[in-house]
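Visitor: need coordinates for the following:
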Amino acid sequence: MRYWAAMAGLWIVLATGLVMAYIIAGLPDTAGLSQAAVGPSIVVVDASGQTLATRGAVHGNDLTLSQMSPYLPRAVIAAEDRRFYQHGGIDVFGLARAAVTNMRAGHVVQGGSTITQQLAKNVFLTSERTFKRKIQEAMLAIFLEWRYPKDEILTMYLNRVYLGAGTFGVEAASRRYFDKEPSELTLGEAALVAGLLKAPTRYSPANDPHAASQRAGLVLDKMVEAGFITPDQRKAAGKTEIRLARGAQSVGAHYFVDWVLEQVPNLIGPVEGEIRVETTLHLPFQRAAEADLARVLAEKGGKLNASQAALVSIDRTGAIRAMVGGRDYATSQFNRATQAQRQPGSAFKPFVYLTAIDQGFTPESPMLDAPVQLARWKPANFSGDYLGTIPMETALALSINTVAVRLSEQVGLPAIIHTARRMGISSPLTAQPSLALGTSEVTLVELTSAYLPFATGGLRPRVHGIERITRRDGRVLYESRVEEGPRVIPAREAGAMNAMMRGVLQFGTGRGAQLANREAAGKTGTSADYRDAWFIGYTADLVTGVWTGNDDGRRMKKVTGGSLPAQIWKAYMARAATAYPARPLPDGGYAPAPPPEQLVQGEVPEDAPAGPVQEPDRPGLFERLGAFFGGGPSTPSENQNGPAVAPPTPTTPTPDTAPIAPTESAGAEPTVSVDANAMDALPSDAAPEAQPSETPANTPPQPLPPAALPPNTLGQLHVDGAP
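Guide: Prediction:
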C-alpha cells in the first residue's frame, strides 16, 4: 500500500514538474525590463508647441520615485495594492479578501492582483484570461520580487502603466492631463491619476470628467483608510479645484492633422519609435476659423441650402496657419480644403488678367463689354446688359464675363495656363474658351496658394504644414527650409494686380469683405448654377480662401462668392489679420492712374456664375450707361443678387466687428466644464493698428483680439465629484 502511495506521489511530482517546466519554458526574458518597449507613435503639435493630436501611444520618460510627487505612489498603493510592502509578489490575504467581496456582490468587483503581478502582465504577458497566463503571471511576480527591490518595482510600474488618452507612464499622463511635471502634482491630481488604473478609458477626464472626479474621491478615501493622509487633508483635497490642461480642443484641426500625417512617410520614411511633428498651424487662428465658419453656416446656411464650407489660411512664408476641411470632422473626415475638386468660377480670372499684364496691358487699358460669340458658345453677363468700353481694372472688379473671355482670346489660352502653372495651380486645366470663367476644377488649398505671389509682391514661397520632425531624444529627422521662393511675377506686375484686386473689395463684387484700417484685395467666384461659391482674399501677410457649397453638388439659393464666403472670410480676417502689423500691399513701384469717377455708390455687387440665372428687374442699359458717363445713380453689375457699385475712390470703411468683451485673458487657466470643442480665449488689449513704413516680412502672428468665442477649456473639477 505504501509502495503504491509512494509511486502515485512520485508521478504527481513528476507531472507537476513537467507542467511547471512547460510553463517556465514559455516565460519571457526579463533582462530588458528596465527598458520600455516603445512602439510607433506620433505627437503632432501646433506652432507654439500645443498638442493637436496623438497617433499611437505616448510613453513618458523614466522617473525615479524622488522625481514624483510624494502623493502619487501613496495614492497608487492605496488604490491598487495596500499590502505592497508586506507581500512577496502574491498577496494571499488580498486574494482571499477579493474572493469574499466578489462572492457577496455576485460578480467580480475587486481584483486580487498585486502591483508586481500587474507589472509582469503589462510588460511581459498578454491580457488573455487563461490558467497558463495566470500561473506565468504569479511566477514572474515572485521572480521580480526576488530580483528587484520594492521601490524599483513600484518605479517601473509607474513608468510603464497605461493611464488613458494614449499615455503610458505617469510622466506622459501628468503632461497630458495637467501640463505639469509629476513632481508638481497636488494630492487631488495624484488621486485622479491613481484612479485611472482601474479603467483608464472610462475614468479619463478627457472622456468623462465627472466619472474621473468620483473615482479620485474614492482613492482619497482609501488613502485615509491606509493612513497615508489625514481626514482633514482628504476634506481639503475634496474642495480643491483641479485645473486640467488646455490641450488642443480643436476638433476641426484633425483635418489638418490628417493632411500633414500623410506627408510624414515621404519626408522621413517608415515611422519607427516616437516622433514629434511640429507644424505651422496657429491654434488661435484655427479656433477663430472654425468658430466663424460654423457661425455663418448656422445662421444662413440652412435657408440658403449651403451645407458645407472650407477655409485655408496661409501666411506670406507659405506656412498654413489654419485649415478647416468641413463643417464637422466627427460627421465627415473628407477634407474639402485639400481633396475636393471644384470649379472656381470667376476666382480664376486673376490669372487671365495677370497674363494680360504680362503682355503689356495695364489696369487702365480700355476693354469692351459687349456681346461675344465663340462658335456656338455665347458667354454673357448675368444681367444681359453691357457697359461698352471700360477700364480693365473695372472689368475685373465687377467680374465682367465678356471682357474675361475676350481677353483670354487675345492673350491665348496656352499663355493663361502657363501663368496659372507658375502661380501654383497643378490640377489639369482644359484649353477651352470657358477656362477664363473658371470651369477647370481645382482644390481650395491649391487656389489659395496660387494667390500668395500677389501678397508677397511676386514671390512664390513653398506652401507647407510641417516645420520639423524630431525623435523623442530631440534628434532632427526633417526640417523645413526657410526661403522666399522663386519670383514668378515681376514686382511691378504684382503691384498692378494688387491695385486691380483692391478694387474688388472697394467697389466691386467683394465689397462686403472690406476690412477696416487695413489694405486687402481678393476675388469672388461662383460656379454655374450656384454649386460653388468662393472668396480668395489677402493682406500683405495673410492669404485666406473660403469655399461654400454641398458635397452632392446641389444648387445653393443664389449664394455667390460675395455673400457667404466673403462673410466667413471677413469675420475670420477681421481678427486674424490683426495679429500682424498693418501695412500696405506691395505695389512694386506701380502708380495707378486717377480712379474713374463714372461709377457711383450703390449696393454691393456679387459675383455671378457662368450660366444664366433668373434675376429681378433692374435698371436698364441706357440708365446704366448714362451713369457710366457721368449721369445720375447707376448700378452696373455683371452678376447675381442685384447691382452694387461704389466709387473706386477709397472711402472710410466701417468697423468690421462690433466691440466684444473679452472672454478670458490670454494664458489664464481654464476653470469651466470640459468642452472638447472649446477654444483659446483671446486677449482684450490688442494694440490699435498702425501703418509702419517698414515691417519685417516674416513677422510672426501675435495673439488675436477679443472675439465672441466659447470660453476655453477643460475644467473646474473637484475630486469628490461636486459640480
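Visitor: may I have stretch 430-448 as CSV, with CA atoms only?
Guide: The C-alpha trace of stretch 430-448 is given here as CSV (Å, rounded to 0.1, in the frame of the first residue of the first chain):
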residue,chain,number,x,y,z
THR,A,430,-8.5,72.4,-70.2
ALA,A,431,-7.6,74.8,-73.0
GLN,A,432,-11.1,75.8,-74.0
PRO,A,433,-12.7,79.3,-74.0
SER,A,434,-14.7,78.7,-70.8
LEU,A,435,-11.4,78.3,-68.9
ALA,A,436,-11.4,82.1,-68.5
LEU,A,437,-14.6,81.7,-66.4
GLY,A,438,-13.1,79.1,-64.1
THR,A,439,-14.6,75.8,-65.5
SER,A,440,-11.5,73.7,-64.8
GLU,A,441,-11.6,72.2,-61.3
VAL,A,442,-9.1,73.0,-58.5
THR,A,443,-8.8,72.5,-54.8
LEU,A,444,-9.2,75.2,-52.2
VAL,A,445,-5.6,74.9,-50.8
GLU,A,446,-4.3,75.0,-54.4
LEU,A,447,-6.2,78.1,-55.4
THR,A,448,-5.4,79.9,-52.2
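Visitor: residues touching the closest residue to Glu272 other than its chain neighbours, list them.
Guide: Ranked by CB to CB, 6 or more residues apart in numbering and with sequence neighbours excluded, the top spatial neighbour of Glu272 is Pro40, at 6.1 Å. Glycine gets a C-beta too; all of them are placed from N, C-alpha and C. By CB atoms under 8 Å, 6 or more residues apart in numbering, the contact set of Pro40 is Gly56, Val271, Glu272, Gly273, Glu274.
Visitor: what is the least confident helix or strand in this structure?
Guide: helix 621-628 (a mean of 35; mean pLDDT, DSSP states H and E).
Visitor: just the buried ones from the contacts of Pro40, in PyMOL syntax?
Guide: Buried subset of the contacts of Pro40, written as a PyMOL selection, criterion 16 or more other CB atoms under 10 Å:
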select buried, resi 56+271+274
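Visitor: which one of the contacts of Pro40 is nearest Thr355?
Guide: Comparing those against Thr355 with CB to CB places Val271 closest, at 43.5 Å.
Visitor: am I right that the closest one is in contact with Gln263?
Guide: No: look at Val271 against Gln263 with CB atoms under 8 Å: they stay out of range, at 11.8 Å.
Visitor: neighbours of Ile536, how many?
Guide: Using other CB atoms under 10 Å, Ile536 has 31 other residues around it.
Visitor: domain boundaries for this protein, per the record?
Guide: Per the record, the chain has its domains at 40-242, 284-628, by automatic domain parsing.
Visitor: what's the most buried one of those domains?
Guide: domain 284-628 (a mean of 21; mean count of other CB atoms under 10 Å).
Visitor: which pair in the contacts of Pro40 spans the largest distance?
Guide: Gly56 and Glu272 (11.1 Å).
Visitor: as JSON lines, the contacts of Pro40 with secondary structure, pLDDT and distance to Asp552 would be great.
Guide: Shown next, in JSON lines, are those (DSSP: H, G, I helix; E, B strand; the rest coil; pLDDT from 0 to 100; distance: CB to CB, whole Å):
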{"residue": "Gly56", "secondary structure": "strand", "pLDDT": "71", "distance to Asp552": "35"}
{"residue": "Val271", "secondary structure": "coil", "pLDDT": "79", "distance to Asp552": "36"}
{"residue": "Glu272", "secondary structure": "coil", "pLDDT": "78", "distance to Asp552": "41"}
{"residue": "Gly273", "secondary structure": "coil", "pLDDT": "79", "distance to Asp552": "43"}
{"residue": "Glu274", "secondary structure": "strand", "pLDDT": "83", "distance to Asp552": "41"}
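Visitor: now, which of the contacts of Pro40 sits nearest Gln308?
Guide: Distances from Gln308 to those, taken by CB to CB, are shortest for Gly56, at 30.5 Å.
Visitor: the closest residue in space to the closest one that isn't next to it in sequence: what's it in contact with?
Guide: For Gly56, ignoring the flanking residues on the chain, the nearest one in space by CB to CB, 6+ apart is Ser41 at 3.2 Å. Contacts for Ser41 (CB under 8 Å, 6+ apart) come out as Thr54, Arg55, Gly56, Ala57, Val58, His59, Gly166, Gly273, Glu274, Ile275.
Visitor: beta partners of Ser41?
Guide: Note on Ser41: beta-bridge partners by DSSP bridges are Gly56, Glu274.
Visitor: where does pLDDT dip in the chain?
Guide: Residue ranges of the chain with pLDDT under 70: 1-39, 57, 92-112, 123-137, 246-251, 383, 593-723.
Visitor: is it true that Pro350 touches Leu396?
Guide: Yes: contact status for Pro350 versus Leu396: in contact at 7.4 Å, counting by CB under 8 Å.
Visitor: what touches both of the two?
Guide: Shared contacts of Pro350 and Leu396, counting by CB under 8 Å, 6+ apart, come down to Met501, Lys523.
Visitor: contacts only, for the spatially most central residue of the chain.
Guide: Closest to where the C-alpha atoms of the chain average out (CA atoms, centre = their mean) is Ala253, at 1.9 Å. Residues near Ala253 by CB under 8 Å, 6+ apart: Asp46, Leu52, Ala53, Leu281, Leu283, Gln286, Met323.
Visitor: just confirm the second one is within a strand.
Guide: Yes: counting by DSSP: H, G, I helix; E, B strand; the rest coil, one finds Leu52 located in a strand.
Visitor: what about the strands in the stretch 451-600 of the chain?
Guide: Along the stretch 451-600 of the chain, counting by DSSP state E, counting those that start in this stretch, strands occupy 466-471, 476-479, 521-526, 532-538, 542-549.
Visitor: so what are the sheet partners of the second one and their directions?
Guide: In this case it means strand 476-479. Partners of strand 476-479 in the sheet, by DSSP bridges, are strand 466-471 (antiparallel).
Visitor: touching, Asn48 and His282? I think so.
Guide: That one is not Asn; residue 48 is Ser. Yes: between Ser48 and His282 there is a contact under CB under 8 Å: 7.4 Å.
Visitor: name the residues contacting each of those two.
Guide: With CB under 8 Å, 6+ apart, Ser48 and His282 have no common neighbours.
Visitor: spatially nearest residue to Glu484, not counting backbone neighbours?
Guide: Leu459 (5.0 Å).
Visitor: how close does the nearest residue to Leu281 once chain neighbours are set aside get to Val277?
Guide: Nearest non-adjacent residue to Leu281, counting by CB to CB, 6+ apart: Asp46, 4.6 Å away. Distance, Asp46 to Val277, using CB to CB, to the nearest Å: 10 Å.
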